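>>> Structure for the following, please:
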Amino acid sequence: MTTAGKLWFGFGLLLLLLVGTGLFVAHRLALIERALLTIMAVQEPATAATYEMAVNVIGTRATVLHYAESGDAAQRARVNELGSEFVRYKTRFDQVAQSPTSRELARRIDIGYRQFHLLGDSLMAITDLERKRFATFTRHAEEVTALVDPGLKIHLNLGGRDGPHRLADLSRLESDIAGIGAETGRYLRTRDPHHRVRVAAHESRFRATLNGLKALKLSDDEQARLTALEAAFGPFADEARELMGIADDLQTTYNGFIGSGATVERLVDEGIRSLARTDLLEAQQSARRAIRTSLIAVLLLLVAGIIIGSGTAIPTGRSILRADQDLRERMRELAESHQRKDEFLGVLGHELRNPLAPLSNALNALEERRADVPEDVRRSHAMMMRQVRSMSRLVDELLDVSRINQGKITLRREPVDFVRVAVETAEDLSPQLEAHHHQLRLVRPSRPAWVNADPTRLAQVTANLLQNAIKYTPDGGRIEVQVDSVNGEAVLRVRDNGIGIAPEMLPLVFEPFTQGDHSPNRAQGGLGIGLTLVSRLVELHGGRATAESPGVGRGSTFTVSLPTTPAPAAPSVPVRPLPPAARQRILVVDDNHDSADSMATLLRLWGHEVEVAHDGPGALTVAETQRPNLAFLDIGLPGMDGYELARQLRARPGLQQLTLIALTGLGREEDRRRALEAGFDRHVTKPVNPETLQVIVATANATQPS
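Numbers count the residues shown, from 1 in each chain. This next block holds a predicted model:
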């Protein structure tokens, strides 16, 4: 081959390398662009659409149930509005659901929501029918009763030898009519089949009594009136049976509606993970792979460019760098989006505290009158107390996760005996263990296991792990809590023989909003953030949390390891007991009337004098005239906020010694600091439990005359 041929051959090889490398880089850049477009299309719309769908389902369920109770036409119109809103949110979800998994999930959400909406319409229709039939039933009851009293009692001959017998029969007729009405009403409230049996018994006795009267020697007028009573009683009894049948249909539809709503919520929750963990993560991984391989190709392209020119390599490198910068910018925007989500959770927790506060105060006030109410009311009151405490705990966990993610949580460390924390937590949760008939085995070392930790947060970690074991262990199961000191670490292990964890779920159990049981008939509730909170709090303490499980149905073990610390010196000064609560003159200021009035009711039940104001100027007037020695102030007051009100109260003559308590839904560290700077003596978040409230009142400054 001639020299010219060799040159042309070499040039052809270089040109082929250049073209091949250029095509490869172009393909990689297309992958990067596709990944960037996926991130831009998914990150914020996906988060917004899924959260809006979740809130919409919750609102629809609440509105349907409100209509079922009240029959308010405005609530029914609101259900239709919520249905239209869900369709809009679902359309936005469909636009960003790109992966096959997400599209399949979108189809399942459509099916689930249609069933949910149809059951909601059926539930409202059945409640309308029940109200209509109940009104008819009541009217028939009045008509039948009127035929007996005064009808028969006036016109039936009650004299003679069988007069007392006739009068007794009339009383039995009247009693049976009232009994059918009462037992029907009780069945509508309780669905207890015994009440249905009693309705049938009253009906049978009524007809027997009526036949007995008709068998007597009666005048034509008396026989006609008994015949009219018998004719009117038939529709009345039929109406009672139909009304109880409607109640059965209503209960069945209600159960289906609640279950369908839970299914849609679970599907929407899966939508968040599907888009955030599938579409976005796949796009990011694809982009990273494309960037790495593109950099290798650029190196080859630069080698070829030395021979045939660098005019192509430099622009290509610049475009890759720009793509890398764009990807980093989009990833930063994604992080900001998650930060906004955490801020949204914080605001949501604050807004939930405001309605929880009056509910908690009212229930605590009812607790003081527990002995004065019937047993069924006490059972309902206990149920509401449990649910309010559960909601308060969920709000606290939601806010704790948000604060940890934003780096705004502060640990108040001190030497703590891990063994004592585990024992006290197990004792606190003993009612839950007994309710589920669990067997608890507590294994502890002979000596304390001291750690440098925040005692409140450490107790929270222990309680969350034990509650998780209680929740996911079938009734009558075995739970073991073990504390030990191993190689300079205090180790807590919580074992159970419950439902266990699938191998694919083990790496995800400490992720937020993750729950191991996603079946539609899952009996346990929760937000899936309890274990996330455990992991984050343990990490803040410099420790680690792990999970182990042999598999589904074979139990699980959660382990927390913290560095040990030397035992502290024994305290030299004994702690004095709190003084008993004296009669206080108290001012409660809150623009939420329910919250203020319920708290005032509770304090009055404890024997204190309480005045209520709903804004700053009104509070100043009451304070100057009544001279309280303790005041609970909300922060978010109209016009003059709680901080300004505290400063003005401190400046008024005769009120400098007034004890000021900030009672608010704002619970961040900066909120506490700002409250103390404004002149408050203490900062308390809503809802406040009665024990804490009693301690605050008992230790308040009582120098003012009472």
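>>> can you count the residues close to Gly500?
By the criterion of other Cβ atoms under 10 Å, Gly500 has 19 neighbours. All C-beta atoms are positioned from the backbone trio N, CA, C, and that covers glycine.
>>> Report whether the expected contact of it with Gly553 is present.
Yes - contact criterion Cβ atoms under 8 Å: Gly500 and Gly553 qualify, at 5.2 Å.
>>> Against Ser485, how distant is Pro563?
Distance, Pro563 to Ser485, using Cβ to Cβ, to the nearest Å: 11 Å.
>>> And for Leu442?
From Leu442 to Ser485 the distance is 16 Å (Cβ to Cβ).
>>> Which one's more surrounded, those two?
Ser485 (17 against 14).
>>> tell me the secondary structure for that one?
The three-state label given to Ser485 by DSSP: H, G, I helix; E, B strand; the rest coil is strand.
>>> Next, Leu663: secondary structure please.
Leu663 ends up strand, using three-state DSSP.
>>> What about it, how many residues nearby?
27.
>>> and if you look at the one 5 residues further on?
Applying other Cβ under 10 Å, we find 17 residues neighbouring Arg668.
>>> what are the phi and psi values for it?
The phi/psi pair for Arg668 (degrees, to the nearest 10) reads phi -80, psi 160.
>>> Low-confidence regions, the stretch 51-200 of the chain specifically.
Counting by pLDDT under 70, the stretch 51-200 of the chain has low-confidence residues at 98, 160, 162.
>>> I'd guess Val560 is in a strand, am I close?
Yes - counting by three-state DSSP, Val560 is located in a strand.
>>> Who is it paired with across the strands?
Leu492, Ala545 (DSSP bridges).
>>> surely it meets Asn464?
No - assessed by Cβ under 8 Å, Val560 is found out of contact with Asn464, at 10.2 Å.
>>> which residues do those two both contact?
Each of Val534 lies in contact with both Val560 and Asn464 under the rule Cβ atoms under 8 Å, 6 or more residues apart in numbering.
>>> of the two, who's got more company?
Neighbours were counted for Val560 and for Asn464 using other Cβ under 10 Å; Val560 has more, 25 against 22.
>>> Contact partners for the more buried one?
Val461, Leu465, Val491, Leu492, Val534, Val538, Gly543, Arg544, Ala545 are the contacts of Val560 under Cβ under 8 Å, 6+ apart.
>>> got a pLDDT number for Gln439?
pLDDT recorded at Gln439 is 93.
>>> With Leu218 instead?
pLDDT recorded at Leu218 is 75.
>>> Can you verify it is assigned to a strand?
No - secondary structure assignment (three-state DSSP) places Leu218 in coil, not in a strand.
>>> Could you check how far it is from Leu167?
Relative to Leu167, and taking Cβ to Cβ, Leu218 is found at 14 Å.
>>> more crowded one of the two?
Leu218 (16 against 13).
>>> Is Ile499 part of a helix or strand, or is it coil?
Per three-state DSSP, Ile499 ends up coil.
>>> Same check on Gln482?
Gln482 is classified as strand under three-state DSSP.
>>> Just the helices from the stretch 51-200 of the chain, written as ranges.
73-96, 100-146, 153-155, 163-190, 193-214 (DSSP state H, counting those that start in this stretch).
>>> Now do the shortest one: everything it contacts.
Outside helix 153-155, the residues within contact range by Cβ under 8 Å, 6+ apart are Leu170, Asp221, Glu222, Arg225.
>>> Okay, the first one and Val96: tell me how far apart.
Spelled out, that is Leu170. Leu170 is 74 Å from Val96, by Cβ to Cβ.
>>> more neighbours, these two?
A side-by-side neighbour count of Leu170 and Val96, using other Cβ under 10 Å, places Val96 first with 22 against 19.
>>> Flag every buried residue along the helix or strand Leu533 falls within.
According to DSSP states H and E, Leu533 maps onto helix 530-540. Judged by neighbour count (16 or more other Cβ atoms under 10 Å), helix 530-540 contains these buried residues: Gly530, Leu531, Thr532, Leu533, Val534, Ser535, Arg536, Leu537, Val538, Leu540.
>>> now those as TSV including pLDDT and distance to Arg413?
Output for the buried residues of helix 530-540, formatted as TSV (pLDDT from 0 to 100; distance: Cβ to Cβ, whole Å):
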residue	pLDDT	distance to Arg413
Gly530	77	23
Leu531	87	23
Thr532	85	22
Leu533	82	18
Val534	90	18
Ser535	89	19
Arg536	88	16
Leu537	88	12
Val538	93	14
Leu540	88	10
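>>> From these, pick the one nearest Phe206.
Gly530 (57.0 Å; Cβ to Cβ).
>>> ok, and the closest non-adjacent residue to that closest one?
Using Cβ to Cβ, 6 or more residues apart in numbering and skipping residues adjacent in sequence, the residue nearest Gly530 is Asn464, 4.5 Å away.
>>> got the residue ranges for the strands in the stretch 301-450 of the chain?
414-417, 439-443, 450-453 (DSSP state E, counting those that start in this stretch).
>>> Out of those strands, the one nearest Leu506 is which?
strand 439-443 (23.9 Å).
>>> coming back round to it: mind giving me the PyMOL select for the contacts of helix 153-155, buried ones only?
To isolate the buried members of those in PyMOL, using 16+ other Cβ under 10 Å:
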select buried, resi 170+222+225
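>>> Can you tell me which of the contacts of helix 153-155 is nearest Ala613?
Leu170 (59.6 Å).
>>> so the closest one touches Gly151, yeah?
No - in this structure Leu170 lies outside contact range of Gly151 using Cβ under 8 Å: 9.7 Å.
>>> Walk me through the regions of the stretch 351-500 of the chain where pLDDT falls short of the threshold, as ranges.
351-354, 356-357, 370-371, 382-383, 385-410.
>>> For it, which segments count as helices?
Going by DSSP H, counting those that start in this stretch, the stretch 351-500 of the chain shows helices at 375-405, 418-428, 430-435, 455-471.
>>> Show me which residues of the second one are buried.
Same thing as helix 418-428. Phe418, Val419, Arg420, Val421, Ala422, Val423, Thr425, Ala426.
>>> could you dump those to TSV with distance to Phe137?
Shown next, in TSV, are these (distance: Cβ to Cβ, whole Å):
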residue	distance to Phe137
Phe418	63
Val419	64
Arg420	62
Val421	59
Ala422	58
Val423	58
Thr425	53
Ala426	53
